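1. I'd like to go over a predicted model; first the sequence, then the structure.
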Amino acid sequence: MSNVYTIAVIVGSLRKESINRKVALALADLAPANLKLNIVEIADLPLYNEDIDGASPPAAYSTFRQQVSSSDAVLFVTPEYNRSVPAPLKNAIDVGSRPYGKSAWSGKPGGVISVSPGAVGGFGANHHLRQSMVFLNVPCMQQPEAYLGGAGTAFDESGKLSESVKPFLQSFINAYGQWVEQHKKV
């Protein structure tokens, strides 16, 4: 692996101390040498509205699109809300996909990990997100699938990653590094 790829990490939870954010940071620490993970913030994105996305779109739209466009690949770390993705994440997907025909997402190798304190591990959110990525031309890593259930115990009180979760995350991020290497357009 000779190239280092910049990965736009989109965290679906807005809480600064969210489990999803902690997982994203843990993945950044565990990432193989060929990946540089950067969280791209979505909290300040106005709700997508074509009326304000004209010749002079909101600065937050432009910044977000530039950060995603300049990345080599994308990695989504998301909770599940009502068997789907949280509204801020869906909004970020919509902002990045516009204007039509100029999607910031197109062709970027993708990965999805859903994180939930529940037993199912965000299965619904994971698969809804994958549906959107098909339309947006983001080839998502198929295997290993990544659902982190019972995530409330993934970190101790000091924020340290549990040794029982670390091998799972390490395996996922290593496979994702190989996926990006294989699917990145040259």
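-> Alright, I've got the coordinates. Residues are numbered from 1 along each chain as shown.

2. roughly how far does residue 68 sit from residue 94?
-> 12 Å (CB to CB, to the nearest Å). Every C-beta, even on glycine, is put in place using the N, C-alpha and C of the backbone.

3. the two: who's more crowded?
-> residue 68 (20 against 16; other CB atoms under 10 Å).

4. any buried residues in the helix or strand harbouring that one, and which?
-> Using DSSP states H and E, residue 68 sits within helix 59-69. Residues 61, 64, 65, 67, 68 are the ones in helix 59-69 that count as buried (16 or more other CB atoms under 10 Å).

5. of those, which is the nearest to residue 82?
-> Set against residue 82, the nearest of the buried residues of helix 59-69 by CB to CB is residue 64 (24.3 Å).

6. surely that closest one is in contact with residue 46?
-> No. Counting by CB atoms under 8 Å, residue 46 is not a contact partner of residue 64; they are 10.5 Å apart.

7. point out where the chain drops to low pLDDT.
-> By pLDDT under 70, the low-scoring segments of the chain are 1-2, 185-186.

8. how close does the residue nearest the centre of it sit to residue 126?
-> Centroid-nearest residue in the chain, with CA atoms, centre = their mean: residue 76, separated by 1.5 Å. Residue 76 is 9 Å from residue 126, where distance means CB to CB.

9. common neighbours of these two, please.
-> Each of 112, 113 lies in contact with both residue 76 and residue 126 under the rule CB atoms under 8 Å, 6 or more residues apart in numbering.

10. which elements pack onto the helix or strand where residue 25 lies?
-> Assigned by DSSP H and E, residue 25 falls within helix 19-30. Packing partners of helix 19-30 (3 or more CB pairs under 8 Å, 6 or more residues apart in numbering; DSSP states H and E): strand 5-11, strand 35-39, strand 73-78, strand 110-115, helix 166-183.

11. now tabulate the ones you listed in JSON lines and tack on distance to residue 19.
-> What follows is the helices and strands packed on helix 19-30, written out as JSON lines (distance: least, CB to CB, whole Å):
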{"stretch": "strand 5-11", "distance to residue 19": "10"}
{"stretch": "strand 35-39", "distance to residue 19": "14"}
{"stretch": "strand 73-78", "distance to residue 19": "9"}
{"stretch": "strand 110-115", "distance to residue 19": "6"}
{"stretch": "helix 166-183", "distance to residue 19": "12"}
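
12. so which of the ones you listed gets nearest residue 153?
-> With CB to CB as the measure, strand 110-115 is the member of the helices and strands packed on helix 19-30 nearest residue 153 (12.0 Å).

13. name the residues that touch that closest one?
-> 19-20, 23, 27, 73-80, 121-123, 125-126, 129-130, 133, 138-141, 146-148, 151, 154, 172, 176, 179.
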